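1. Here is the input, now give the coordinates:
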Amino acid sequence: QVQLVESGGGLVQAGGSLRLSCAASGRTFSNSAMGWFRQAPGKEREFVGAISWSGGSTYYADSVKGRFTISRTNAKNTVYLQMNSLKPEDTAVYYCAVHTSGSYYYTRSYAYWGQGTQVTVSS
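-> Just a heads-up that it's a prediction; the model follows:
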């Protein structure tokens, strides 16, 4: 069993930055790719980015490419999402999840979701 706890969300002005953390417990973390997703009110959960188990490869949605950076520290069982140049349309609940199989871009490829952390970007 894996438990994920996201933190670091909050209220920020447009153009600002936030760093989200996802702390994982369980033995599968260091062997698993991890993903970040977000869900705005009334919208489906969407892919933000993913990172391979080693941290050597990262993948991003076009909407965040160049602004967001995913990293991980396996020794601390933690994955991070650094968000810069935030926009009001980035407002959402952000979730991390453990990748199990298939494409990184789909929620069905993940198990063990965190409870989410709210990010609100004001204009």
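
2. other SSEs contacting the helix or strand hosting residue 95?
-> Element membership of residue 95, judged by DSSP states H and E, is strand 92-99. Using 3 or more Cβ pairs under 8 Å, 6 or more residues apart in numbering; DSSP states H and E as the contact definition, the elements that strand 92-99 packs against are strand 3-7, strand 18-25, strand 34-39, strand 78-83, strand 110-113, strand 117-122. C-betas here are computed from N, CA, C, even on glycine.

3. Quick check: which of those strands is nearest to residue 54?
-> Closest approach to residue 54 among those (Cβ to Cβ): strand 34-39, 11.3 Å.

4. Now do the buried residues in that closest one.
-> By neighbour count with 16 or more other Cβ atoms under 10 Å, strand 34-39 contains the buried residues 34-38.

5. cool, and stretch 10-25?
-> Neighbour-count burial for stretch 10-25, with 16+ other Cβ under 10 Å as criterion, is recorded at 12, 18, 20-24.
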